[in-house]
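> here is a sequence together with a model predicted from it:
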Amino acid sequence: MVMKWRIGDFAVELVIRDWFKLDAGFLFRGAGKRYWPSFFKGTDIAVDENNMVRIPVNAYLITAPDGRTVLVDTGLGDVRTRWSESTLHEFEPENEFNLLPERGIVPDYVIPTHLHWDHAGGLARVLGGRILPVFQKTEHIFHKNEYEHARAAHPYNRSSYRRETIEGIKAVMKNRKIRVHFAHSKKWKLSEVGGPAGIELIRTRGHTPGHMSVLVGKPRSKTKGFITGALLPTRCHCHPAIGVGNDTHGLLGSDLRLKYLLKAANEKWIVFPEHDVSPAGRISIDGKGAFRFDLVPDEN
Ligand SMILES: [Zn+2]
């Protein structure tokens with residue numbers, strides 16, 4: 001399975017795909033149940049008898065013109081401990097593919113858009129009963145605000161950070177061989193720490209305090225790629241009233257989403273949503289002023 005898109009001299013490839021179940025009322029906060037049939041019309045979203053939807057988690061690998069690679073998000077990972085056994089079953093997590101070990105790819109950088117378990121869970125694994133970093137030779141990039149919030153374990157959303165994921169991040173921090181960088185501003189370039197030019201991390205606060213989306217492409221590039229993270233989980237979230245149940249800054253998140261959807265439509269970006277079955281799409285604005293998401297097929 002190869003799903004790859006060209007963004008100027010860059011490539012973006014879907015390299016990890018996991019699946020899990022979430023409550024539809026949680027994933028589409030703001031869409032009342034009686035509106036669901038019209039809301040999901042024309043999408044491949046199906047709600048089961050328990051109001052759960054099965055959704056993918058997409059992780060993307062950017063290959064820069066100089067050949068260096070950047071992994072954005074890591075999927076669920078496979079850390080199971082006594083903490084998670086009792087709660088994990090309701091999500092029915094499942095890995096569809098992970099091309100990294102298959103192809104022996106060790107990314108030069110890894111950037112979790114945020115540290116929730118479905119995005120940062122794959123940073124760690126269990127070996128000999130210990131939680132250890134998966135990427136021992138990869139530079140890790142966290143947003144300072146996100147790291148601090150995740151470590152603070154606020155009761156509002158600490159269940160989204162899952163204890164195993166936090167232990168995995170602690171293991172990364174403890175490992176002296178792993179270089180860790182903290183993005184600390186609203187816009188931060190990977191080149192600031194010696195990474196390839198043309199990869200910008202934009203703090204798109206809303207889902208979490210230090211959430212980041214990743215913009216790919218040189219400044220003059222005709223098109224850009226935008227890996228949204230939870231700024232746009234699915235195409236249904238193009239609607240400004242729809243958020244996710246655990247968003248920390250709902251209004252701010254909606255404002256930033258509108259801002260970047262507008263930019264994406266005007267500048268013809270290819271948008272990579274984290275939880276949509278279609279891993280890439282273009283944004284346009286229809287006659288009624290609503291955003292549309294149209295699939296961009298991969299180039300294989
Ligand atoms: Zn999340």
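Happy to help now that I have it.
> report all helices and strands that the helix-or-strand element of the chain with minimal mean pLDDT contacts.
Least confident helix or strand of the chain, by mean pLDDT, DSSP states H and E, is helix 82-88 with a mean of 72. Packed against helix 82-88, as judged by 3 or more Cβ pairs under 8 Å, 6 or more residues apart in numbering; DSSP states H and E, are the following elements: helix 163-174. For glycine as for every other residue, the C-beta is placed from the backbone atoms N, C-alpha and C.
> report the rounded mean pLDDT for the helix it packs on.
The average pLDDT within helix 163-174 is 95.
> what's the first helix or strand after it?
strand 180-183 (DSSP states H and E).
> chain center to the helix or strand just after that next one, what's the gap?
Using DSSP H and E, the helix or strand that follows strand 180-183 in sequence is strand 187-189. On the basis of Cα atoms, centre = their mean, to the nearest Å, strand 187-189 sits 17 Å off its chain's mean C-alpha point.
> for the following helix or strand past strand 187-189, what does the pLDDT average out to?
Next along the chain after strand 187-189, taking DSSP H and E as the criterion, comes strand 199-203. Confidence for strand 199-203, expressed as mean pLDDT, is 98.
> just the CA atoms of strand 199-203, as PDB, please.
Presented in PDB, the C-alpha positions along strand 199-203 are these (Å, rounded to 0.1, in the frame of the first residue of the first chain):
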ATOM      1  CA  ILE A 199       8.400  22.900   7.100                       C
ATOM      2  CA  GLU A 200       6.500  25.200   9.300                       C
ATOM      3  CA  LEU A 201       4.800  24.300  12.600                       C
ATOM      4  CA  ILE A 202       1.700  26.500  13.300                       C
ATOM      5  CA  ARG A 203       0.200  26.500  16.700                       C
END
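> count of residues packed around the closest residue to Glu96 other than its chain neighbours?
Among residues not flanking Glu96 along the chain, Arg17 sits closest, at 4.4 Å (Cβ to Cβ, 6 or more residues apart in numbering). For Arg17, the count of nearby residues is 20 (other Cβ atoms under 10 Å).
> roughly how far apart are Arg17 and Asn145?
Counting by Cβ to Cβ, to the nearest Å, the separation of Arg17 from Asn145 is 28 Å.
> ok, back up a step: what's the helix or strand hosting the residue nearest to Glu96 packed up against?
Secondary structure from DSSP H and E places Arg17 in strand 10-23. When contacts are defined as 3+ Cβ pairs under 8 Å, 6+ apart, strand 10-23 packs onto strand 4-7, strand 52-63, strand 94-98, helix 99-103, strand 225-229.
> show me the contacts for the residue of the stretch 201-300 of the chain found nearest the ion.
Of the residues in the stretch 201-300 of the chain, the one nearest the ion is Ala230, at a distance of 4.5 Å by Cβ to the ion. Taking Cβ atoms under 8 Å, 6 or more residues apart in numbering, we find Ala230 in contact with Thr113, His114, His116, His119, Gly206, His207, Thr208, His211, Val244, Glu274, His275.
> which bits of the stretch 1-150 of the chain sit near the ion?
His116 (Cβ under 5 Å from the ion).
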